[in-house]
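*Asks:* Can you look at this prediction? I've put the sequence above it.
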Amino acid sequence: MGKKLYVGNLSYNTHEATLRDVFQAYGQVASVKIITDRDSGQSKGFGFVEMGSDSEAQAAIAGANGANVDGRQLRVNEAMDKPRRDDRY
């Protein structure tokens, strides 16, 4: 189990501080990052939360998955490593 969590189905109005508040109920939050569009700066509707320990991450998945934040039900699961791109072509 990793400590980094994927958080999807975010409202475009959700801020990183809001996510931090939600996840602090489950333990220490090491970092929060909402992914934004490079050009417009608008949220892409997902982000990542890194918890302090594996057990806190598991508690956050169990507790926050399906939670209603800014009118949307969060999808929370363990973040997967981004596949490496092969730039040789």
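*Replies:* Cool, got the structure.
*Asks:* which residues touch the longest helix seen in the chain?
*Replies:* Longest helix in the chain, counting residues (DSSP state H): helix 54-64. Outside helix 54-64, the residues within contact range by C-beta atoms under 8 Å, 6 or more residues apart in numbering are 1-5, 7, 22-23, 25-28, 49, 51, 74, 76-78. C-beta here means a position set from N, CA and C on the backbone, and glycine is covered the same way.
*Asks:* Just the ones of those residues in strands?
*Replies:* Judged by DSSP state E, these include 4-5, 7, 49, 51, 76-78 as members of strands.
*Asks:* Pull out the buried residues from stretch 24-42.
*Replies:* By neighbour count with 16 or more other C-beta atoms under 10 Å, stretch 24-42 contains the buried residues 26-27, 29, 32, 34.
*Asks:* Now a ChimeraX select for only the buried ones of the ones in strands among the contacts of helix 54-64.
*Replies:* Buried members of the ones in strands among the contacts of helix 54-64, defined by 16+ other C-beta under 10 Å, are picked up in ChimeraX with:
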select :4,5,7,49,51,76
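*Asks:* Tell me which two of the ones in strands among the contacts of helix 54-64 sit farthest apart.
*Replies:* 51 and 77 (12.7 Å; C-beta to C-beta).
*Asks:* which residue packs closest to residue 65, ignoring adjacent ones?
*Replies:* Once flanking residues are discounted, residue 65 sits nearest to residue 76: 4.2 Å by C-beta to C-beta, 6 or more residues apart in numbering.
*Asks:* and what of residue 51?
*Replies:* Spatial nearest neighbour of residue 51, chain neighbours left out: residue 57 (4.1 Å); criterion: C-beta to C-beta, 6+ apart.
*Asks:* Quick check: the one you found vs residue 6, distance?
*Replies:* Per C-beta to C-beta, to the nearest Å, residue 57 is found 11 Å from residue 6.
*Asks:* So for those two, which residues contact both of them?
*Replies:* Common contacts of residue 57 and residue 6, defined by C-beta under 8 Å, 6+ apart, comprise residue 78.
*Asks:* Show me which of these two is the more surrounded one.
*Replies:* Neighbour comparison, residue 57 and residue 6: the larger count goes to residue 57, with 24 against 15 (by other C-beta atoms under 10 Å).
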